[in-house]
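Novice: A predicted structure for the sequence below; I have some questions about it.
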Amino acid sequence: MRGHRKHLPTSKDISGCAISGIMNEAGERFSGDMIIGSIATMHDRSNGLGGGFAAYGIYPDYKDHYAIHIMYDELADRQSTERLIARYCLLYEDESIPNRPSPVIRMRPFLHRYFVQVRPELLRRHSDLTEDDVIVDMVMEINTKIKGSFVFSSGKNMGVFKGVGYPEDIGEFYRLDEYQGYLWTSHGRFPTNTSGWWGGAHPFSILDWSVVHNGEISSYGINKRYLDNFGYDCSLFTDTEVIAYLFDLLVRKHHLPFEAACMAMAPPFWSQIEHLEPRRAELARTMRTVYAGALLNGPFSVLVGYSGGMVGFNDRTKLRPMVAARQGDMLLVASEETAIREVCPQVDRIWHAVGGVPIIGQLKDPAKVLGQPEAARLARMTRSLAPGAAAA
Amino acid sequence: MAPRLVQPEFSVQRDGERCIACGVCVRQCANQVHSYHPEYEEVRAAAERCVGCHRCAWLCPTGALSIIHTPPTYRHGGHWSSEAISNVYKQADSGGVLLGAMGNSQPVPVYWDHLLLNASQVTNPSIDPLREPMELKTFLGRKPDQVELEMSGPEPSLATTLAPQLELSMPIMFSAMSYGAISYPACKSLAMAARELGTLANSGEGGLHPDFWDFGPSMIVQVASGRFGVTPDYLGAAAAVEIKIGQGAKPGIGGHLPGEKVDDSVSRTRMIPVGSDALSPAPHHDIYSIEDLRQLIYSLKEAVRYRKPISVKIAAVHNVAAIASGIVRAGADIVAIDGYKGGTGAAPAMIRDNVGIPIEFALAAVDDRLRSEGIRNLASVVACGGFRCSADVVKALALGADAVYIGTAALIALGCHMCQQCFTGKCNWGIATQDPYLTRRLNPEIGAQRLYNLLSGWAHEIKEMMGGMGINAVESLRGNRHHLRAWGLSDRELKILGISAVGE
């Protein structure tokens, strides 16, 4: 395990990448083999310096618990971290994250996971806090204050698995073929600067948000400062972190549907807005004016996962590739068509994503998979701005 | 009276072989440098009156004239520069205050020149603005924290109504230059160009000549401590109202229009007697603190029925960030910050050259402060004070400005040669004068065209620079200090500017 050290970068992360996401909208679970097969097809889009996966629906036995995945530089870092967790949470189970020794994974951190619930007395004492807020505070505190510890996954009934290596090797290492999930996203990384730190791989995740991202955000400098305005501390200096926080701000805090959030981040050009029908033009104009700091400029394709589904979207001029396909209840989105055909040769429909127009996959019956309250929240998040304008 | 001790600053050289004694120079020079001597049948020059405006040399039909800068040849004395010595002579002659015009003329550091811009290579494609959209459209005004959607109908609809916004085709406006300080055709050139360009001109504090009310939708009108020309109709005519608290060229004092420039038309526009000095009080006498400013802001909002944004313009002074924060909290929709190098028609040179701080630092500090307080969205920030070119503008946007005001650059486009004698009212270029013999020299149609050309050129350059950075909307440049690097600055300066050194 030599050589791996937590390293919060001090400058913007620059990388090219492959991304892939597969979802069963009926909520039926399938093994990680499929996503590994898909991302492996795009081997040449990454350079072995980072790969990772987000998997939803994998912890049904603990679906009401937050699954906290942590990487430790040293076993000694565990003690202070666990003391900190205990301040916020009740611990139900913890274990090493199962892995399969691999000749190509030479150095790695200690990987551990905890299934926890927020201490009820905390929520009673601080009536303005939600349990999500408590978890976010805890994750931020561990990641910024404890030298050798890094929380890389903190959602319910989902988990992030990532490291330094080609994505297919990372998938093998984490034994993802043994997990069953209804939604998987993955990422192969081609960084131009890297410390060999496992936490630097994608997906980036907070709560049940996970983001895999191909591209470079030229507007990063202002997006980060825009988020500062709302109290977000972008500590990782990655474009991806900024995207995750923007989704959190726009969707979770400002209660915007995904389609509106994507309009804020990849808005139509003014010349296009002029030609929209008046009501929609007014909406677009207002979104652009108010959310100017949230506009993501530069080339990117992004897949955002959350418990209710996934959202794929491109920069507004579509400078990075993204292809989507549907087959029955399956929605597949990837950087290249080959990554879809490899695991799903016959598709009902396959198309190129349009710049700035989100591709939204959602559970058909979220109440069945996630419960009623969560389903109501998700219904709001996926409202379309105009009939017929929703993603195909 | 003993002869003046000050040496002439310019030498007027006339090529006798070329001069045909036509008298153009005699008629063109309001400073009466040139005079025709029939007894010798030649034109001679009184160089001590020359201000270096080059009007005569430009119009001389035979190219016989050259104006040469001849700095005083006092013995070099390190601490005692020639200018310092000349200034003592001038004041010993007159007992007066040293006056200056236009911006600070001292060789002080230009921080824009210490900042370098980024461009894309490999990992991020640069964008070609000739082939792809590149957006400079800018909205100034108060923005809410968030957009709220009404979700109960068949489809979500807007539940947020925006406060009034100014829509600009590019983030550059013409800064406040009053009728009185500058001439009727200069004002008209600015207003016409602003309308044509889709941006705004600023009336300054001297009221709005009735002929210009048609340009109202392209104008910001000012309310300053002198309240010149302020009427309900004046407020109603404009796109926005700006409260002028301070000016970068002379923080701490009010505007000063010499009586020589107050003719009949200026007098009617300003509502003051012909020939009287128009001296604005140093403070607004109804604003002795921030809560008083709030009252004026809301009085003006009431007057315009909350349909127009209210801007507050201040000079960049030591604690500008805290002041700006107070102004935003007092309800201003726009805060304009005028830096140390801002121009003026007349200012005491001591104040112009020694009071205030550079716009680069003021802007960085204000943007940081408003963000750290979570109120940056509540007001737009407009920077002004010495912008020379489009690269200065790009750097200001990246530091955090929503838009900039340009004044001096616009006057130069109209023909100003920066002789810095605006306060004499003898501008040979017809810009900073009210003498009808001189103002006729500036054709507003041509002036407007030249201003249009200037800003069109700058807009092209800004698009090229943004494209290089891989950015196709100006909102992604605004406040994006990652695209700036600095050289030759101290760690502390870097920290205040919030940018990294080159190579970092």
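Specialist: Yep, that arrived. All figures in this text were calculated on a predicted structure; none of them were measured in a lab.
Novice: Only C-alpha atoms from now on, for both contacts and neighbour counts.
Specialist: Fine.
Novice: the bottom helix or strand of chain A by mean pLDDT?
Specialist: Here the helix or strand of chain A ranked lowest by mean pLDDT, DSSP states H and E is helix A:372-381, holding a mean of 78.
Novice: Which strands and helices lie in contact with that helix?
Specialist: Here helix A:372-381 touches helix A:366-370, going by 3 or more CA pairs under 8 Å, 6 or more residues apart in numbering or on different chains; DSSP states H and E.
Novice: Give me the contact status of the helix ranked longest in chain B with chain A.
Specialist: Scanning chain B for the helix with the most residues, using DSSP state H, yields helix B:444-469. Yes - Helix B:444-469 is in contact with chain A by CA under 8 Å from any CA of the partner chain, via residue B:469.
Novice: now for that helix, which elements pack on it?
Specialist: When contacts are defined as 3+ CA pairs under 8 Å, 6+ apart, helix B:444-469 sits against helix B:184-197, helix B:390-399, helix B:408-413.
Novice: What's the end-to-end length of stretch A:70-90?
Specialist: Its start and end residues considered, stretch A:70-90 measures 16 Å (CA to CA, to the nearest Å).
Novice: what's the burial count for the nearest residue to residue A:180 once chain neighbours are set aside?
Specialist: Of all residues beyond its chain neighbours, the one nearest residue A:180 is residue A:31 (4.4 Å), with distances taken as CA to CA, 6 or more residues apart in numbering or on different chains. Counted with other CA atoms under 10 Å in any protein chain shown, the neighbours of residue A:31 add up to 18.
Novice: looking at it, residue A:167 is touching residue A:54, isn't it?
Specialist: No - assessed by CA atoms under 8 Å, residue A:167 is found out of contact with residue A:54, at 11.8 Å.
Novice: of the two, who's got more company?
Specialist: Neighbour count, other CA under 10 Å: between residue A:167 and residue A:54, residue A:167 has more, with 34 against 31.
Novice: Could I get the contacting residues of that one?
Specialist: Neighbouring residues of residue A:167 by CA atoms under 8 Å, 6 or more residues apart in numbering or on different chains: A:36, A:39, A:40, A:48, A:50, A:51, A:52, A:186, A:187, A:188.
Novice: Distance check, it against residue B:272.
Specialist: Separation of residue A:167 from residue B:272 (CA to CA): 78 Å.
Novice: Specify the beta-bridge partners of the residue nearest to the spatial centre of chain A.
Specialist: Centroid-nearest residue in chain A: residue A:210, 1.4 Å away (criterion: CA atoms, centre = their mean). For residue A:210, the beta-bridge partners are residue A:205, residue A:305 (DSSP bridges).
Novice: end-to-end on stretch B:261-276?
Specialist: End-to-end distance of stretch B:261-276 (CA to CA): 9 Å.
Novice: list the buried ones in the longest helix along chain A?
Specialist: Using DSSP H to define each element, chain A has its longest helix at helix A:131-145. By neighbour count with 16 or more other CA atoms under 10 Å in any protein chain shown, helix A:131-145 contains the buried residues A:131, A:132, A:134, A:135, A:138, A:139, A:140, A:141, A:142, A:143.
Novice: Then stretch A:199-208?
Specialist: A:199, A:200, A:201, A:202, A:203, A:204, A:205, A:206, A:207, A:208.
Novice: residue contacts, the first one?
Specialist: Right, residue A:199. A:6, A:71, A:150, A:152, A:162, A:163 are the contacts of residue A:199 under CA under 8 Å, 6+ apart.
Novice: How is the closest residue to residue B:28 other than its chain neighbours assigned, secondary-structure-wise?
Specialist: Excluding its sequence neighbours, the residue lying closest to residue B:28 (CA to CA, 6+ apart) is residue B:56, at 6.3 Å. Look at residue B:56: counting by DSSP: H, G, I helix; E, B strand; the rest coil, its state is helix.
Novice: residue ranges with poor pLDDT in the chain?
Specialist: Picked chain A for this. For chain A, the stretches flagged by pLDDT under 70 are A:1-4, A:7-16, A:192-195, A:234-237, A:386-392.
Novice: actually chain B
Specialist: Judged by pLDDT under 70, chain B has its weakly predicted residues at B:1-3.
Novice: Spit out the contact partners of the residue nearest the centre of it.
Specialist: In chain B, the residue lying closest to the centroid (CA atoms, centre = their mean) is residue B:407, at 2.8 Å. Contacts for residue B:407 (CA under 8 Å, 6+ apart) come out as B:174, B:175, B:176, B:177, B:343, B:385, B:386.
Novice: now do 10 Å
Specialist: Contacts for residue B:407 (CA atoms under 10 Å, 6 or more residues apart in numbering or on different chains) come out as B:102-103, B:173-177, B:190, B:201-202, B:342-344, B:384-388, B:413.
Novice: One more: residue B:392?
Specialist: Contact analysis of residue B:392 by CA under 10 Å, 6+ apart lists B:111, B:112, B:113, B:115, B:360, B:386, B:398, B:404, B:462.
Novice: same check, this time on residue B:492
Specialist: So residue B:492 contacts residue B:498 (CA under 10 Å, 6+ apart).
Novice: who touches stretch B:272-282?
Specialist: Around stretch B:272-282, the neighbours that count as contacts under CA under 10 Å, 6+ apart are B:180, B:205-206, B:224-229, B:245-246, B:250-268, B:270.
Novice: again, only this time at 8 Å
Specialist: Stretch B:272-282 has contacts (CA under 8 Å, 6+ apart) with B:224-226, B:228, B:252-264, B:266-267.
Novice: ditto for stretch A:215-226
Specialist: Stretch A:215-226 has contacts (CA under 8 Å, 6+ apart) with A:14-17, A:234, A:239, A:242, A:293-301, A:320, B:123-124, B:371, B:469-471, B:476-483.
Novice: Mind checking which of those are in helices?
Specialist: A:239, A:242, B:371, B:469.
Novice: Among those, which one sits closest to residue B:12?
Specialist: Checking the ones in helices among the contacts of stretch A:215-226 against residue B:12 by CA to CA gives residue B:469 as the nearest, at 48.0 Å.
Novice: how about the residues of the stretch 151-300 of chain A that lie near chain B?
Specialist: Contact residues, the stretch 151-300 of chain A versus chain B (CA under 8 Å from any CA): A:215-216, A:218-223, A:225-226, A:228-231, A:254-256, A:269-270, A:283, A:286-287, A:289-293, A:295-299.
Novice: follow-up on the earlier one: quickly note the distance from the residue nearest to the centre of chain A to residue A:92.
Specialist: 24 Å.
Novice: before we move on, what about residue B:24?
Specialist: With distances taken as CA to CA, residue B:24 is found 97 Å from residue A:92.
Novice: Residue A:371: neighbouring residues, count only.
Specialist: The burial count for residue A:371: 11, using other CA under 10 Å.
Novice: quick one, what contacts it?
Specialist: By CA under 8 Å, 6+ apart, residue A:371 has no neighbours at all.
Novice: Okay then, goodbye and thanks.
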